[in-house]
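S.K.: Below is the structure, and that's it, no one-letter string:
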């Protein structure tokens, strides 16, 4: 087999993975608090120490190989949308809501909350939203949540939202249900809670659709290169047999 096909194959695989990342971003365009994922590429070359190490004893290490080194999350804020729903909350500034799950404490920017049968504030998936004094249980009456996160019912403060932050750059991992997991939480500062609103995703649909078109074209180019190399090799073998 013509060894030149391997660099083209690596590029095609990288573009296929990139298409999956972009597709997931587009699919979450309307997901409250969603944070966009972006790739970091790496090109392994014969002169690259890192590349040589990653290729190891690969007999094709004299070629250039393209791959996605890692995926990172852009934690830039999304736009705030007013909903008028008393239990919808958004954070202006840095910080995360704290959620209790069976797998441990998780963090989210999605403030589309509701009440369970015990009048406890939860996510739409039923996980309890945590306050500084534990789960937030709302009694009957008018619920007001102030910019500092204080939760009041009929004018009496009953709890305070637990809003936390982390050292930057954030070393958080995405988990299920639009939540993050990580360690090193600390009290958030300089934030403001907006009641009756949610934070939209930070996905730019125009940019993501343009990126998707570009990736599809790039993938097609790699596919054509591989087809050409394969056909050339086949013809060369046929001439050799003749």
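M.R.: Noted; the coordinates are in hand. Remember, it's a predicted structure, so these values are computed and weren't measured experimentally.
S.K.: what's near enough to touch residue 92?
M.R.: 77, 80, 191, 192, 193, 194 (C-beta atoms under 8 Å, 6 or more residues apart in numbering). Just so you know, the C-beta spots here come from the backbone N, C-alpha and C atoms, and that holds for glycine as well.
S.K.: Also residue 145?
M.R.: 89, 151, 152, 161, 193, 195.
S.K.: Quick check: nearest residue in space to it, chain neighbours excluded?
M.R.: residue 195 (4.5 Å; C-beta to C-beta, 6 or more residues apart in numbering).
S.K.: and that neighbour, how many residues sit next to it?
M.R.: 20 (other C-beta atoms under 10 Å).
S.K.: now residue 158
M.R.: Neighbours of residue 158 using other C-beta under 10 Å come to 16.
S.K.: surely it meets residue 140?
M.R.: No: if you go by C-beta atoms under 8 Å, residue 158 and residue 140 don't touch, sitting 12.0 Å apart.
S.K.: How about the contacts made by residue 105?
M.R.: Here residue 105 is in contact with 98, 99, 130, 181 (criterion: C-beta under 8 Å, 6+ apart).
S.K.: Now the phi/psi pair for the last one, please.
M.R.: With angles defined as degrees, to the nearest 10, residue 181 sits at phi -130, psi 150.
S.K.: who does it bridge with?
M.R.: When bridges are called by DSSP bridges, residue 181 pairs up with residue 173.
S.K.: Break the protein down into its domains, please.
M.R.: 5-76+203-241, 80-199 (automatic domain parsing).
S.K.: and the ones you listed, which one's lowest on average pLDDT?
M.R.: Of all the domains of the chain, the minimum mean pLDDT falls on domain 5-76+203-241 (a mean of 73).
S.K.: In contact with residue 211, which residues?
M.R.: Residue 211 touches residue 22, counting by C-beta under 8 Å, 6+ apart.
S.K.: which phi and psi does it have?
M.R.: Residue torsions, per degrees, to the nearest 10, at residue 211 are phi -70, psi -40.
S.K.: With the one 5 residues further on instead?
M.R.: According to degrees, to the nearest 10, the main-chain angles of residue 216 amount to phi -60, psi -40.
S.K.: Having no further points to raise, I will conclude here.
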